[in-house]
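>>> kindly generate the corresponding structure for this input.
(one chain, ligands or ions: 2)
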Amino acid sequence: MGERKEITRRSFLNLVGASSAGIAGMSVLGLPGFNQLFAQAVKDVPVLWLPAGSCTGCSVSLLNSLSPTIQDLLLGEVLPGAHVSLQFHPTVMAGQGQQAIDVLDQYKEAEPGSFVLVMEGGLSTKDGGVYCEIGEHNGHGIPLKQHFDELAPKAMAVINMGTCSSYGGIPAAPPNPTGIQPVGEYMKAAGMNTPYVNVPGCPPHPDWFVGTVATVLLGGLDMLKVDEHGRPLAFYGKLMHDNCEFRGNFDKGMFAQNFGDKACLYKLGCKGPVTHADCPRRRWNSGVNWCIGSGSPCIGCVEPNFPYKMDMYEVVHIHEQTAPDAYPLVGGEKGGGVDPVTTGIVGGVAGAAIGVGIASSRAKKKAATADSEPKEG
Ligand code: SF4
Ligand code: SF4
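Ligands and ions are numbered 1, 2, ... in the order given. Below is the predicted model:
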């Protein structure tokens, strides 16, 4: 067996920066030598993690990472004495009470750009933000919004962990009684110039967070290429539908009619055709499976309109067909197309409609395959 080549700072940045597909499906935490590289990079950069309007699921997702475990990264077992300097995280830190609040206060006086601020959840803004408080001074609760207003302008960058902090998510559900705002939108309205990046997902994959933090710390903010919704292209640059194992079924018009059917889940409301993330390749729980692989339609949890601006079971309208990225057609000749008549018969009414779309797109297939960057739906 050949020796495993350890990843270097340069090769990691090439992976995440050179092309949006470079790191798709690769376990960031599993890259040979990544632990040491990351630990060396972050040992001097404190990270403050503020929980806002959220369910803490994003923290749980991050804590679920394996090889190394997140404990290894946090507690310095990867390299003795070097670890992620997580200074404040209410769920996992040992400090409590005034001792913990003192840490936050200390960073309000810190040098600008000396720490990274992670936001988990939407920012409650109504009535001065009193519906979400952390700690107290002189018997009065301190609104999270107040902590954020004092910390965010001093941060090197704000990382919005999860769909709630990125776009509002579930806590912003109408009628949004606590005035939840997406963190980035709030910052823009408040005139804060601190750069921010969105790492959406309900919850996000641990690799998406660790990979984003590593990119910022190893290569600087300029290395982070994001899309129009502020998401790193390295993880969110591809359309789910183009890498799905059922894409061949979709093109053939073979749709699941009921939950449990082993076929494309489009007619059961799958949002894969309009959702951008690398779940089909990266998979979850250390690569074991993913939503569609376990029979659930993708609910588009990384998109700004999740979950209340589209019905979970509504069939999505596909504005523009794109060629499959990785999977061959089912039953189609290699390099050939699908007979639109067959597609219509097999797939029923919806299949026929899609078949027409596909038929018209086949003329473009060769060019589209050569340039398989996702087309916006
Ligand atoms: S509609 Fe959903 S299940 Fe069907 S191919 Fe696209 S992503 Fe996969
Ligand atoms: S498959 Fe869809 S619903 Fe599942 S985690 Fe990925 S983006 Fe979210």
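
>>> interface residues of the stretch 201-350 of the chain facing ligand 1?
Contacts of the stretch 201-350 of the chain with ligand 1, taken as CB under 6 Å from any ligand atom, map to 240-241, 244, 246-247, 250, 264-266, 270, 272-273, 292, 298. Bear in mind the C-beta positions are built from the backbone N, C-alpha and C, glycine included.

>>> touching, Glu272 and Met240? I think so.
One thing to correct before we go on: residue 272 is Gly, not Glu. Yes. Using CB atoms under 8 Å, Gly272 is in contact with Met240, at 4.0 Å.

>>> now for those two: what residues contact both?
Cys298 (CB atoms under 8 Å, 6 or more residues apart in numbering).

>>> residues near Ile190, how many?
Quick fix: residue 190 is Ala, not Ile. 14 (other CB atoms under 10 Å).

>>> how is the chain partitioned into domains?
The record, using automatic domain parsing to delimit domains, assigns the chain the ranges 9-235, 240-370.

>>> a markdown table for those, including mean pLDDT?
As requested, these are exported to a markdown table (pLDDT from 0 to 100):
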| stretch | mean pLDDT |
| --- | --- |
| domain 9-235 | 84 |
| domain 240-370 | 72 |
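
>>> tell me which of these approaches ligand 2 most closely.
domain 240-370 (3.3 Å; CB to the nearest ligand atom).

>>> interface residues of this structure facing ligand 2?
Residues of the chain lying near ligand 2 (CB under 6 Å from any ligand atom): Gly201, Thr275, Ala277, Cys279, Trp290, Cys291, Cys298, Ile299, Gly300, Cys301, Val302.

>>> residue in the stretch 251-377 of the chain nearest to ligand 1?
Closest approach between the stretch 251-377 of the chain and ligand 1, counting by CB to the nearest ligand atom: Gly272, at 2.2 Å.

>>> enumerate every residue touching that residue.
Leu239, Met240, His241, Cys244, Leu265, Tyr266, Ile292, Pro297, Cys298.

>>> wouldn't the third one be in contact with Thr322 here?
Read that as His241. Yes. Contact criterion CB under 8 Å: His241 and Thr322 qualify, at 7.2 Å.

>>> going along the chain, name the helices of the stretch 1-150 of the chain.
9-17, 34-42, 57-63, 70-75, 97-108, 144-151 (DSSP state H, counting those that start in this stretch).

>>> among the ones you listed, which is nearest ligand 1?
Per CB to the nearest ligand atom, nearest to ligand 1 of those: helix 57-63, 21.2 Å.

>>> for that closest one, packing partners?
Counting contacts by 3 or more CB pairs under 8 Å, 6 or more residues apart in numbering; DSSP states H and E, helix 57-63 is packed against helix 206-219.

>>> packing partners for the helix it packs on?
Checking 3+ CB pairs under 8 Å, 6+ apart, helix 206-219 ends up next to helix 9-17, helix 34-42, helix 57-63, strand 116-120, strand 157-161, strand 196-199, helix 233-236.

>>> could you export the ones you listed to a markdown table, including columns for mean neighbour count?
Shown next, in a markdown table, are these (neighbours: other CB atoms under 10 Å):
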| stretch | mean neighbour count |
| --- | --- |
| helix 9-17 | 18 |
| helix 34-42 | 20 |
| helix 57-63 | 20 |
| strand 116-120 | 27 |
| strand 157-161 | 26 |
| strand 196-199 | 26 |
| helix 233-236 | 25 |
